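Asker: Everything below, folded, please.
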Amino acid sequence: WAVGTGNEPGYHAARGEFTLEFAPVPDAATTTEAPSTTTEAPLTTTEAPPTTTEAPPTTPAPDTRNPPDCPSELTQVTSLNDGALTLFTEVVVSPTSDSESILCARLESDSESWVGFGISPTGLMLGANTIIGVPAYGDFVSKFNSTGDPTKQAPFAPMDDTHQTLMNTKLTQVDGKTVVSFSKYLNEEGENKILADGENTFLWAVGTGNEPGYHAARGEFTLEFAPVPDAATTTEAPSTTTEAPLTTTEAPPTTTEAPPTTPAPDTRNPPDCPSELT
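Answerer: Predicted coordinates:
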């Protein structure tokens, strides 16, 4: 058992272990009671069936944006936390729509701990949109909103699923270092905008360990990007070299894949829980 220091997830205030042996009870649905000899008059009241119709749950519309790829090398380098944290970035501008331009980023920390990156035009935690990699949860990189309350054990609240739009996320820890990578749209509805041209104010933070909790160090910084075009749409001069046409003919593949199998339905029939747990 364990209880925390508050309502936010974080380190426990107390914990312990215990052993327990159960006294099973039979399924109430199969317990046989003596038949009743009392005859009740049949109910004659007829109730109209309910006519309220609930709307079916709505599924969020799929994201139809087509972001560019991140370059293989991120050339803009920013040193943070007295050199113990390094940020590598590149802004890639989409040729088709501003809403598809992205920030590619990689944070390399000299400690094994959670690592955070925040977008905050005011430079404050309150109102910041943050991206945090939490090693305690595995390869976990996600978007949060800052509650602005540094007294809380975990002063961040996860964004809802419609805002979890990060791409190319990855978290690794090797030789005492933590590396968090992601790409993010510059302009997303309901979130702080990242400027491709102009000065941006960002936040950084590193934790005291792999578990989410209070930071060991944090700060703010400003950054201006030098956007690069989408490599997939860069136009090169046409080649004037003429290659001989290929004449090799390959036989079409003849492998037939078996259709997917449907798993058998679960036919187990569990008993009901009793109304009172004794």
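Asker: From T86, how far off is D110?
Answerer: According to C-beta to C-beta, to the nearest Å, D110 and T86 sit 9 Å apart. (Each C-beta comes from the backbone N, C-alpha and C, glycine too.)
Asker: now swap in V134 and tell me
Answerer: 19 Å.
Asker: So between the two, which is more surrounded?
Answerer: Looking at V134 and T86 with other C-beta atoms under 10 Å, you find the greater number of neighbours at V134, namely 24 against 16.
Asker: hey, what's the spatially most central residue of the chain bridged with?
Answerer: Geometric centre of the chain, nearest residue: S142, 3.8 Å, by C-alpha atoms, centre = their mean. With DSSP bridges as the criterion, S142 is bridged to I132.
Asker: wait, what's in contact with it?
Answerer: I131, I132, V134, P158, M159, Q164, L166, T169 (C-beta atoms under 8 Å, 6 or more residues apart in numbering).
Asker: rerun that using 10 Å as the cut-off
Answerer: S142 makes contacts with 130-134, 156, 158-159, 163-164, 166, 169, 182, as judged by C-beta atoms under 10 Å, 6 or more residues apart in numbering.
Asker: Check those residues against T201 and report the nearest one.
Answerer: Within those, distances to T201 taken as C-beta to C-beta reach their minimum at T130, with 13.3 Å.
Asker: Tell me which stretches of this protein form strands.
Answerer: Remark: strands assigned in the chain by DSSP state E are 2-4, 12-15, 76-80, 85-93, 102-109, 115-119, 129-133, 141-146, 156-158, 167-174, 177-185, 199-207, 215-224, 228-229.
Asker: Adding distance to C70, write those out as JSON lines.
Answerer: Formatted as JSON lines, the strands of the chain follow (distance: least, C-beta to C-beta, whole Å):
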{"stretch": "strand 2-4", "distance to C70": "38"}
{"stretch": "strand 12-15", "distance to C70": "39"}
{"stretch": "strand 76-80", "distance to C70": "13"}
{"stretch": "strand 85-93", "distance to C70": "7"}
{"stretch": "strand 102-109", "distance to C70": "4"}
{"stretch": "strand 115-119", "distance to C70": "15"}
{"stretch": "strand 129-133", "distance to C70": "15"}
{"stretch": "strand 141-146", "distance to C70": "14"}
{"stretch": "strand 156-158", "distance to C70": "24"}
{"stretch": "strand 167-174", "distance to C70": "6"}
{"stretch": "strand 177-185", "distance to C70": "5"}
{"stretch": "strand 199-207", "distance to C70": "18"}
{"stretch": "strand 215-224", "distance to C70": "17"}
{"stretch": "strand 228-229", "distance to C70": "10"}
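Asker: Out of those, which is closest to D27?
Answerer: Closest to D27 of the strands of the chain is strand 2-4 (C-beta to C-beta; 32.3 Å).
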